[in-house]
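Colleague: need a 3D model of the following:
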Amino acid sequence: MPDPSYTAIELCAGVGGQALGLERAGFDIVAAVDIDKDSCATLSRNRPGWYTVHGDLNQIEPVEHAAMDHADVLSCGLPRSPYTIAGKQRATEDARDTLRATLDMASYVRPRVLLLENIPTFLHAPKFEAERQTVHEAVQDLGYELATAVLTATDFGVPQRRSHGFMIAMCSDDLARFEWPAPSPLPCPSLGQTLLETMAAGGWPEASDWAARATEPAPLIMGGATGRGGADLGAGRTKAVWARWGVFGGSIGNAVPGPDFRLNFDTEPRHGLVRLTVDQVALLQGFTPDWEIEGLKTSRYRQISQTIPPPLATALGRQIMTALRGSSRRS
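Modeller: Numbering: from 1, shown residues only. Okay, the predicted model is just below:
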């Protein structure tokens, strides 16, 4: 259960992966902000008690929202597109970027912890040196120190080859007690293990055979970016990896395979390979089936493809909570 004495505000909350992970780690989510209407509907449906703000972070005035006055943790999964090659890597020059708005919000909220997440190249690519320097200056203004790390989803039981870059800032005393989460000692489930039950749900007789072949974690869940068209599982090379596991990467399915479907690697892929549903993709991102995602199929897939897996966020949140509970300082 969340501890109301430790609070968090989630910016660019999306489908809620990082916020849900922080909640599981014990934080009370006092506000969640996102520009996407369907994402806000997802948050409100699953957590009606959260104060959800639908709006552009670059335009939101926190003084208009009492819930955003203060929190122990201010976290943001920065939009990835401004930092990807496909998104032209325009960073803070991209209208979709929220880095400066997030740092301005940190200056207003004055959290004990500032947590930023982005693609791993944000942490080390020369292209983003100016953006990293902007973060360092903002952290210094808060009187905090900064630590960075890349965490991999499979290390925390998420059946997908996915890495996330994190920046975390705290006062020196809190940071001295903070440790990045250690990988789980349990083996990571495979693609087949994770999806076997749902693949068999429609009466597909080959579900067990398919699962027995899909013996590794899934490739990186990607695609579905705003303005990019319909939902698919990524670029050509990624689609080829999915095809090796019997999955068609060119589109998302409306339903799991039925009793008449036959897996065939030799025919035209559209007909011979299975298509994942949005609900199955959510399982591969570490969500439980009870997390209901609002919107049409492309919107639902986009919300899932761009989130942080909740188990990874939970592991990180627990380490943050340990660091904060070890201090007598309360804001």
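Colleague: list the buried residues of stretch 201-215.
Modeller: Buried positions in stretch 201-215, judged by neighbour count with 16 or more other C-beta atoms under 10 Å: 204, 206-207, 210-211, 214. Just so you know, the C-beta spots here come from the backbone N, C-alpha and C atoms, and that holds for glycine as well.
Colleague: run through who's touching it.
Modeller: Surrounding stretch 201-215, the residues in contact under the criterion C-beta atoms under 8 Å, 6 or more residues apart in numbering are 190-193, 195-196, 199-200, 245-246, 255-259, 261-263, 274.
Colleague: show me which of these are buried.
Modeller: Buried by 16+ other C-beta under 10 Å: 190-193, 195-196, 199-200, 245-246, 256-257, 261, 263, 274, out of the contacts of stretch 201-215.
Colleague: please flag which of the contacts of stretch 201-215 sit within helices.
Modeller: Counting by DSSP state H, the part of the contacts of stretch 201-215 found in helices is 191-193, 195-196, 199-200.
Colleague: which one among those residues gets closest to His164?
Modeller: Of all the ones in helices among the contacts of stretch 201-215, Leu191 has the smallest distance to His164: 19.6 Å, by C-beta to C-beta.
Colleague: distance of the closest one from Ser299?
Modeller: 24 Å (C-beta to C-beta, to the nearest Å).
Colleague: now do Val109
Modeller: Val109 is 29 Å from Ser299, where distance means C-beta to C-beta.
Colleague: and for Ala125?
Modeller: Ala125 is 30 Å from Ser299, by C-beta to C-beta.
Colleague: between those two, which has more neighbouring residues?
Modeller: Ser299 (21 against 16; other C-beta atoms under 10 Å).
Colleague: whichever strand or helix holds that one - what's its average pLDDT?
Modeller: With secondary structure defined by DSSP states H and E, Ser299 is part of helix 297-305. The average of the pLDDT scores along helix 297-305 is 94.
Colleague: figure out how far the helix or strand following it is from the centre of its chain.
Modeller: Next helix or strand after helix 297-305 toward the C-terminus (DSSP H and E): helix 310-325. Per C-alpha atoms, centre = their mean, to the nearest Å, the displacement of helix 310-325 from the mean C-alpha position of its chain is 15 Å.
Colleague: contacts for helix 310-325 next, please.
Modeller: Here helix 310-325 makes contact (C-beta under 8 Å, 6+ apart) with 6, 17-22, 24-27, 72-73, 112-113, 115, 151, 153, 156-158, 164, 166, 168, 170, 174-175, 177-181, 184, 285-287.
Colleague: understood, closing this out.
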